[in-house]
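Student: Would you be able to build a 3D model of this:
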Amino acid sequence: MIVVRNFGWGDTHPGTKTRLDKRQDRRPLFPVRLDFLYSINPDCTSIGFTTGLLGRKIAANTIVKTVINAGLEAAVRQLARELAPLRVYGVSPGPVDTPNWGALSDDARRERAAKLAATLPVGFMASADETAQAYLFAMQARALTGTVIDLDSGAMVGA
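Tutor: Here you go, the predicted structure:
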């Protein structure tokens, strides 16, 4: 899998540099430079992105998140074509039931989670383990490319 890092070029291994503009394959990659792709390893088989349902579900006061997520999902499709045979996919988790909900007490977190879960078609939020399974599936599914997996407990189709 490709490591996505902050902007700039860097070493893939000590003493080794990989630059996308020096790659052997001269097919167009993007109309802009992809400085954020840190390394391309010959053993690499996929690039995974995390997106969110706000790229496709309208919600008030979320324009920035909407644009970012919609752009990432479009990039998944475009990159799958331009970087083939490298696989490119996205995972779009919805609400995930974890203890990492900010500065909420355990009781407040459970109460908020229960209220949110009651609005979802399946009646519960995915666990962190279930979310990790979606990423593992995407990494291992050799025919998966150019698509986004929604793991959102039905939030996309819910009210």
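Student: which ones are touching the residue positioned nearest the centre of the chain?
Tutor: For the chain, the residue sitting closest to the mean C-alpha position, by C-alpha atoms, centre = their mean, is residue 50 at 1.3 Å. Applying C-beta atoms under 8 Å, 6 or more residues apart in numbering to residue 50 gives the contacts 72, 90-93. Every residue, glycine included, has its C-beta placed from N, CA and C.
Student: okay but residue 157 is in contact with residue 122, surely?
Tutor: No - applying C-beta atoms under 8 Å, one finds residue 157 not in contact with residue 122, separated by 10.4 Å.
Student: Identify the bridge partners of the residue nearest to the centre of the chain.
Tutor: Applying DSSP bridges to residue 50 gives these bridge partners: residue 91.
Student: What about residue 88? Give its phi and psi, please.
Tutor: phi -130, psi 130 (degrees, to the nearest 10).
Student: Give me the pLDDT value at it.
Tutor: We have a pLDDT of 93 for residue 88.
Student: my read: it touches residue 74, true?
Tutor: No - contact between residue 88 and residue 74 fails when scored by C-beta under 8 Å: they sit 11.5 Å apart.
Student: So which residues of this protein form strands?
Tutor: 11-13, 16-17, 46-50, 87-93, 96-97, 126-127, 147-151 (DSSP state E).
Student: Not counting the longest one itself, show me its contacts.
Tutor: Contacting residues not belonging to strand 87-93 are listed as 45-53, 55, 69, 72-73, 76, 79-80, 126, 131, 134-135, 138, 142, 144-152 [C-beta under 8 Å, 6+ apart].
Student: Could you identify the buried members of those?
Tutor: 46-49, 51-53, 55, 69, 72-73, 76, 79-80, 126, 131, 134-135, 138, 144-145, 147-152 (16 or more other C-beta atoms under 10 Å).
Student: Return the top helix by length along the chain as PDB; C-alpha atoms alone will do.
Tutor: Ranked by number of residues, the top helix in the chain under DSSP state H is helix 63-82. The C-alpha trace of helix 63-82 is given here as PDB (Å, rounded to 0.1, in the frame of the first residue of the first chain):
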ATOM      1  CA  ILE A  63     -19.700  22.800   2.600                       C
ATOM      2  CA  VAL A  64     -16.000  22.300   3.300                       C
ATOM      3  CA  LYS A  65     -16.400  18.700   4.400                       C
ATOM      4  CA  THR A  66     -18.700  18.100   1.400                       C
ATOM      5  CA  VAL A  67     -16.100  19.400  -1.100                       C
ATOM      6  CA  ILE A  68     -13.200  17.500   0.500                       C
ATOM      7  CA  ASN A  69     -15.100  14.200   0.600                       C
ATOM      8  CA  ALA A  70     -16.700  14.500  -2.900                       C
ATOM      9  CA  GLY A  71     -13.200  15.400  -4.300                       C
ATOM     10  CA  LEU A  72     -11.600  12.400  -2.700                       C
ATOM     11  CA  GLU A  73     -14.300  10.100  -4.100                       C
ATOM     12  CA  ALA A  74     -13.800  11.600  -7.600                       C
ATOM     13  CA  ALA A  75     -10.000  11.100  -7.100                       C
ATOM     14  CA  VAL A  76     -10.600   7.400  -6.300                       C
ATOM     15  CA  ARG A  77     -12.300   6.800  -9.600                       C
ATOM     16  CA  GLN A  78      -9.800   8.900 -11.600                       C
ATOM     17  CA  LEU A  79      -6.700   7.500 -10.000                       C
ATOM     18  CA  ALA A  80      -7.900   3.900 -10.400                       C
ATOM     19  CA  ARG A  81      -7.900   4.600 -14.200                       C
ATOM     20  CA  GLU A  82      -4.600   6.500 -14.300                       C
END
